[in-house]
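Output the structure for:
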Amino acid sequence: MKVIHENDVKNGFLGVEADGERVALMTYTWAGDKMFIIDHTEVSEDYGHKGFGMIMVESAVEFARAQGVKIYPLCPFAKHIFDTVRSFDDVL
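So this is what the prediction gives:
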């Protein structure tokens, strides 16, 4: 398993590669230079319930902390994670 991250001034994505293919994807859009909006998360049906969604959220949180920015979780999956994992509150 490998986590990938691409970012530019307008948007970016985090993904998980397994068995040589991308099996999970989380996209985000920048809202200015101090916040990004997680707008979509998907995991391939064959790889569901393996924690890849959480891995991408954790990677987004680490990125936000390193950049000193906030996250707005618009995606229902990401919002659910942020609503339940209180240790991520510092990036909201």
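
How many neighbouring residues does Gly12 have?
If you count neighbours by other C-beta atoms under 10 Å, Gly12 ends up with 17. All C-beta atoms are positioned from the backbone trio N, CA, C, and that covers glycine.

Same check on the one 5 residues further on?
For Glu17, the neighbour count with other C-beta under 10 Å is 13.

How about Leu25?
For Leu25, using other C-beta under 10 Å, the count is 17.

That one sits in which helix or strand?
strand 21-30 (DSSP states H and E).

Packing partners of that strand?
strand 11-18, strand 35-43, helix 52-67 (3 or more C-beta pairs under 8 Å, 6 or more residues apart in numbering; DSSP states H and E).

got these as TSV, with distance to Leu92 and mean pLDDT columns?
As requested, the helices and strands packed on strand 21-30 are arranged in TSV below (distance: least, C-beta to C-beta, whole Å; pLDDT from 0 to 100):
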stretch	distance to Leu92	mean pLDDT
strand 11-18	18	97
strand 35-43	10	98
helix 52-67	9	98
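
Could you export those to JSON lines, including columns for distance to Val85?
Formatted as JSON lines, the helices and strands packed on strand 21-30 follow (distance: least, C-beta to C-beta, whole Å):
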{"stretch": "strand 11-18", "distance to Val85": "16"}
{"stretch": "strand 35-43", "distance to Val85": "14"}
{"stretch": "helix 52-67", "distance to Val85": "8"}
